[in-house]
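K.L.:
Make a model of this:
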Amino acid sequence: MMRYQDLSYWMSTVDEPLTPRPPLPGDTDADVVIVGAGYTGLWTAYYLAGADPGLRIIVLESEIAGYGASGRNGGWCSALFPTALPALARRHGRDAAIAMQRAMQATVREIGRVAAAEGIDCDWAYGGTVVLARTGPQLDRARAAVAEAREYGLGPEDLALLDADEAAARCAAEGVRGGTYTPHCAAVHPARLVRGLARAVERRGVSLHERTPVTAIRAGAAVTPAGTVRAPVVVRATEGYTPALPGHRRTVAPVYSLMVATEPLSPETWTRIGLADRETFSDHRHVIIYGQRTADGRLAFGGRGAPYHFGSRVSPGYDREPRVFTALRRALGELFPVLGPDVPVTHTWGGPLGVARDWAASVGFERASGLAWAGGYVGDGVGTSNLAGRTLAHLIRGEPSDLTALPWVNHRSPRWEPEPLRWLAVNAGLRLMLSADEAEIRTARTARRAALLNR
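P.N.:
Numbering: from 1, shown residues only. You can find the predicted model right below:
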């Protein structure tokens, strides 16, 4: 049997045994069946059960709650949304774009509220996010991000431009020229959050069946090898694993993100790095990196860069790419020279996330068929999934609200191209962004060396 503790540093440090719950015993009926026990599925169950305790809700999970991205991500509970404000405004209008951003900001607070109310100890730290600029082009992108925020009524209390000293005071990475800071993010232990949420939905009367893979979703039913759950409402909450479902091979592209975690660092080392408020951090390069200071004093650090696999294949073997782990460790040393090669990395892991063809997350419900869905978070799912769960609860119950009027509701992304075009396009784009980042970093490094020689 799989050792679920080995899935990530986070899963290895949850405060409970990862023993699977009993699988589905056979054919049964429900009012709502939810496929997937990650954040999206569990938040949907949580809010539905809270709104109507009489609903018969069943959640089906192929492995255990939190097996996917919910138990392996970077631990950013943020207000990030994968579609930029200008793109939302072009499609839906300026007011709708602003409403979406404000809803995401409120979502961070809502998750913190629920974690406290349900007694979920997930190492919650509302320290915000600092995004560093370490090259000239990165600084230009930081300034552009702040200018864009101002165009949509977001002030310095939402996103502030930092000079070099201000940025380094929060995160003292090598060669910092400036950056941006937003308070709308909390560092969390993601596996403790998802596992605590699973217990919370069970307390609300939801049935959760693990080790129960769903082989097909159709109107009125979710089919598994153990039996079929018949329900008028079927929710697809499978994110990066969606292509395995019949008819969904091109719905999202599963793209892998990988992470490393150091051993616990000394107080002296943390004094040199910063992150005193447990800010999450990144920089303004093209290929995303992300990190946080964990509650037990490690530096957990991740990034994209793993290849997309032909045919949208997902496999446990893709969770660990030695080449990418080496690159992440090298990037960590470049950011923080104090983390030289002598500082051990104790955990390496990874997993797939879901990317829609237009990079637009969506949530929706077809009342005629009873089919509902949410996903395509492009790695921003810790916060977005909660908003999805609340929105689905309103949609399924037929309750119009500010949430059901948000611009991502019932958005239909185009399907990805068939192979080999999909494989060629995704991996070519990744290579171009990696090359651009490497060129910028080389130029900045050369400039720093020249400045030192000329002193």
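K.L.:
Where does pLDDT dip in this structure?
P.N.:
1, 437, 441, 444-455 (pLDDT under 70).
K.L.:
So which residues of the protein form helices?
P.N.:
Listed in chain order, the helices of the chain (DSSP state H) span 9-12, 39-51, 85-92, 94-117, 136-151, 164-170, 190-203, 267-273, 322-335, 381-397, 421-453.
K.L.:
Tell me which of those helices sits nearest to Val345.
P.N.:
Set against Val345 and scored by CB to CB, the helices of the chain come closest in helix 322-335, at 5.9 Å. (Each C-beta comes from the backbone N, C-alpha and C, glycine too.)
K.L.:
ok, and what's touching that closest one?
P.N.:
173-174, 258-260, 262, 283, 289, 291, 299, 301-303, 305-306, 339-341, 345, 348, 350, 441 (CB atoms under 8 Å, 6 or more residues apart in numbering).
K.L.:
repeat that with 7 Å
P.N.:
173-174, 258, 260, 289, 301-303, 305-306, 339-341, 345, 348 (CB atoms under 7 Å, 6 or more residues apart in numbering).
K.L.:
Tell me who's in contact with Asp319.
P.N.:
Listed by CB under 7 Å, 6+ apart, the contact partners of Asp319 are 349-351.
K.L.:
Neighbour-wise, give me the winner out of these.
P.N.:
Gly351 (25 neighbours; other CB atoms under 10 Å).
K.L.:
which one is that one nearest to, not counting chain neighbours?
P.N.:
Arg72 (4.3 Å; CB to CB, 6 or more residues apart in numbering).
K.L.:
Tally up the residues packed near the residue nearest to Trp408 when sequence neighbours are not counted, please.
P.N.:
Nearest non-adjacent residue to Trp408, counting by CB to CB, 6+ apart: Ser362, 5.3 Å away. By the criterion of other CB under 10 Å, Ser362 has 20 neighbours.
K.L.:
Beta-bridge partners for Ser362, please?
P.N.:
Here Ser362 sits in beta bridges with Gly375, as judged by DSSP bridges.
K.L.:
measure it to Gly127 for me?
P.N.:
When distance is defined by CB to CB, to the nearest Å, Ser362 is 30 Å away from Gly127.
K.L.:
what does Ala356 give?
P.N.:
30 Å.
K.L.:
residues in contact with Asn217?
P.N.:
One correction, residue 217 is Ile, not Asn. By CB under 7 Å, 6+ apart, the neighbours of Ile217 are 35, 234, 236, 245.
K.L.:
Of the residues you listed - the most surrounded one?
P.N.:
Within the contacts of Ile217, Val35 tops the neighbour count with 28 neighbours, counted by other CB under 10 Å.
K.L.:
That residue and His209, how far apart?
P.N.:
11 Å.
K.L.:
For these two, list the residues in contact with both.
P.N.:
The contact lists of Val35 and His209 share Leu60, where a contact means CB under 7 Å, 6+ apart.
K.L.:
How much space separates the nearest residue to Asn410 once chain neighbours are set aside from Thr271?
P.N.:
Sequence neighbours aside, Gly364 is the residue nearest to Asn410 in space, at 4.2 Å (criterion: CB to CB, 6+ apart). Counting by CB to CB, the gap from Gly364 to Thr271 is 48 Å.
K.L.:
sorry, back to before: nearest to Ala79 among the contacts of Ile217?
P.N.:
Among the contacts of Ile217, Arg236 lies closest to Ala79 (CB to CB), at 24.6 Å.
K.L.:
The residue nearest to the closest one when sequence neighbours are not counted: neighbour count?
P.N.:
Nearest residue to Arg236 in three dimensions, chain neighbours excluded: Trp373, at 4.3 Å (CB to CB, 6+ apart). Burial of Trp373 is recorded as 24 neighbouring residues (other CB under 10 Å).
K.L.:
I figured Trp373 hits Gly364, correct?
P.N.:
Yes: counting by CB atoms under 7 Å, Trp373 touches Gly364, with 5.8 Å between them.
K.L.:
so what's Ile289 up against?
P.N.:
282-283, 303, 331.
K.L.:
what about 8 Å?
P.N.:
282-283, 301-303, 328, 331.
K.L.:
Check Thr346 too.
P.N.:
9, 261-263, 298.
K.L.:
just Phe310 next, same as before
P.N.:
Contacts of Phe310 by CB under 8 Å, 6+ apart are 419-420, 423.
K.L.:
how about CSV for the residues you listed, with neighbour count and distance to Pro82 added?
P.N.:
Formatted as CSV, the contacts of Phe310 follow (neighbours: other CB atoms under 10 Å; distance: CB to CB, whole Å):
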residue, neighbour count, distance to Pro82
Glu419, 13, 23
Pro420, 10, 25
Trp423, 17, 21
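K.L.:
wait, which of these is closest to Asp158?
P.N.:
Among the contacts of Phe310, and counting by CB to CB, the member closest to Asp158 is Trp423, at 38.4 Å.
K.L.:
There's contact between that closest one and Ser312 in this structure, I believe.
P.N.:
No: Trp423 is not in contact with Ser312 according to CB atoms under 8 Å; the separation is 9.1 Å.
K.L.:
thinking again about what came up before, sitting in strands, which of the contacts of Asp319 do you find?
P.N.:
Judged by DSSP state E, these include 349-351 as members of strands.
K.L.:
Counting neighbours, what do you get for Ser70?
P.N.:
Neighbour tally, Ser70, other CB under 10 Å: 28.
K.L.:
residues touching it, list them.
P.N.:
38-39, 190-191, 193-194, 381-382, 385 are the contacts of Ser70 under CB under 8 Å, 6+ apart.
K.L.:
Can you give me the neighbour number for the closest residue in space to it that isn't next to it in sequence?
P.N.:
Leaving aside its chain neighbours, Ser70 sits nearest to Gly38 (3.8 Å; criterion: CB to CB, 6+ apart). Applying other CB under 10 Å, we find 27 residues neighbouring Gly38.
K.L.:
Gly38 contacts Gly66, correct?
P.N.:
Yes: with contact defined as CB under 8 Å, Gly38 counts as touching Gly66 (6.5 Å).
K.L.:
tell me the contacts of the closest residue to His309 other than its chain neighbours?
P.N.:
Nearest residue to His309 in three dimensions, chain neighbours excluded: Tyr318, at 6.0 Å (CB to CB, 6+ apart). Going by CB under 8 Å, 6+ apart, Tyr318 touches 256, 306, 309, 350, 352.
K.L.:
Quick check: the spatially closest residue to the last one that is not a sequence neighbour vs Gly383, distance?
P.N.:
Excluding the flanking residues, the one nearest Pro352 by CB to CB, 6+ apart is Gly240, at 3.4 Å. With distances taken as CB to CB, Gly240 is found 17 Å from Gly383.
K.L.:
how many neighbours does Asp121 have?
P.N.:
For Asp121, using other CB under 10 Å, the count is 13.
K.L.:
typo on my end, Arg211
P.N.:
Arg211 has 17 nearby residues by other CB under 10 Å.
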